[in-house]
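Q: compute the structure for the input listed below.
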Amino acid sequence: MIRVAMLSFWHVHANDYARQATEHPGTEIVAAWDELPERGRKQAEERGVRFYEDLNELLAQKDIDGVIIDTPTNIHREVLIAAARAGKHIFTEKVIATTLKECNEILAAVKESGVKLTVSLPRLNADYTLAVQDILRQGALGDITLVRTRLSHNGAIPSERGQQGWLPAHFFNKEQCGGGAMIDLGCHPMYLARLFLGLPDSVSANYGYVTGKDVEDNAVSVLRYANGALAIVEAGFVNRFSPFVIEVHGTEGSLLYSTHDNKLLVRSSKLGDESAKEWQVQQQLPENRPSAFHQWVSHIENDTNADENIQLALDLTRLMEASNISASNGEAFKLSDLAQ
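A: As a prediction, this is how the structure comes out:
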């Protein structure tokens, strides 16, 4: 049995990960810490586990094998490095850090300690993502020229779930979050664009502030590639009914996926006459892969590493840092100019 500690309940998904740890037959929650002791103590009492007000004291416990990290993003560096140096396996919410420099420091500590790290990038494991990858591997769309990915919700606007929106107020704290809609919700369409097209040369981002908060609630990043291809990544907290969208377009075909109908459509000149004439619905998608949490447990049990997951998480930080710099400067920013 892998014994884990919850490190903070700051993130909106903390309870989801706690539930996964409780339900997984190979893990159990034995302790908790929180940068807000009152919140952490309450959560620990509800779960019947030990609470530690001092993080270093928790990390020194020999009966704790791993940690689930849901702290504010701005303290990820100190918490993740401390956990790694204490020999604790790490499952963490995205992003690893807000800058490439901090991310590299964290990954160096993880490598040196030999602990198993997995980052929660859930849409990598979805059936539609796996189907898109299969189509791209077949070359059915020819040379890819444009990718568009979008994820948006109404978390910052009044609704039946809250007069100020249903996101917690601290999700609009620029210091704690490192940004708004793009670095939070935009992570998912961003790592998918990176998955489908690779790393771009530069990023141009524009942020909007519809609700007047300190962080952006409406955002677009355009990724530009040396071969002329583009990726458009869109995110927002101010759209009530916006579906999740993936579009991939190439010289020989296109594919579309949207949660408005949960269908994957393909049209291609390379898949036969019918596919060239009209859109074809992909009837059978691959099975979802195990969740990122399940993969983390498997890496611990089998002494393997989440190499692809970690590389994509590292690249996600690159793209988010570049987006923030571009939006601030009002001009394109080259990824090669990021501080290492």
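Q: when you work out contacts or count neighbours from here on, use the C-alpha atoms and nothing else.
A: OK.
Q: quick one, helices of the stretch 1-150 of the chain?
A: 14-23, 37-47, 55-59, 76-85, 100-113, 127-138 (DSSP state H, counting those that start in this stretch).
Q: could you do the stretch 201-340 of the chain as well?
A: With DSSP H, counting those that start in this stretch as the criterion, the stretch 201-340 of the chain has helices at 273-277, 292-302, 307-329.
Q: who's in contact with the shortest one?
A: It stands for helix 273-277. The contact list for helix 273-277, computed with C-alpha atoms under 8 Å, 6 or more residues apart in numbering, reads V266, R267, S268, S269, K270, Q280.
Q: quick check: closest non-adjacent residue to the third one.
A: Just to be clear, that refers to S268. Distance criterion C-alpha to C-alpha, 6 or more residues apart in numbering; nearest residue to S268, sequence neighbours excluded, is G253 at 4.0 Å.
Q: thinking again about what came up before, mark which of the contacts of helix 273-277 are buried, thanks.
A: Among the contacts of helix 273-277, those scoring as buried are V266, R267, S268, S269, Q280 (criterion: 16 or more other C-alpha atoms under 10 Å).
Q: and the fourth one, what are its phi and psi?
A: Right, S269. Main-chain dihedrals, S269, degrees, to the nearest 10: phi -80, psi -10.
Q: so it makes contact with T251?
A: No. Using C-alpha atoms under 8 Å, S269 is not in contact with T251; the gap is 9.2 Å.
Q: tell me, what's touching those two both at once?
A: Taking C-alpha under 8 Å, 6+ apart as the criterion, S269 and T251 both touch L141.
Q: residues touching H153, list them.
A: Each residue near H153 by C-alpha under 8 Å, 6+ apart is listed here: G236, F237, V238, N239, R240, F241, S242.
Q: state the distance from it to A327.
A: 21 Å (C-alpha to C-alpha, to the nearest Å).
Q: next: G26.
A: With distances taken as C-alpha to C-alpha, G26 is found 44 Å from A327.
Q: neighbour count winner among those two?
A: A327 (22 against 14; other C-alpha atoms under 10 Å).
Q: quick one: residues contacting the more buried one.
A: Taking C-alpha under 8 Å, 6+ apart as the criterion, A327 is in contact with S204, A205, N206, Y207.
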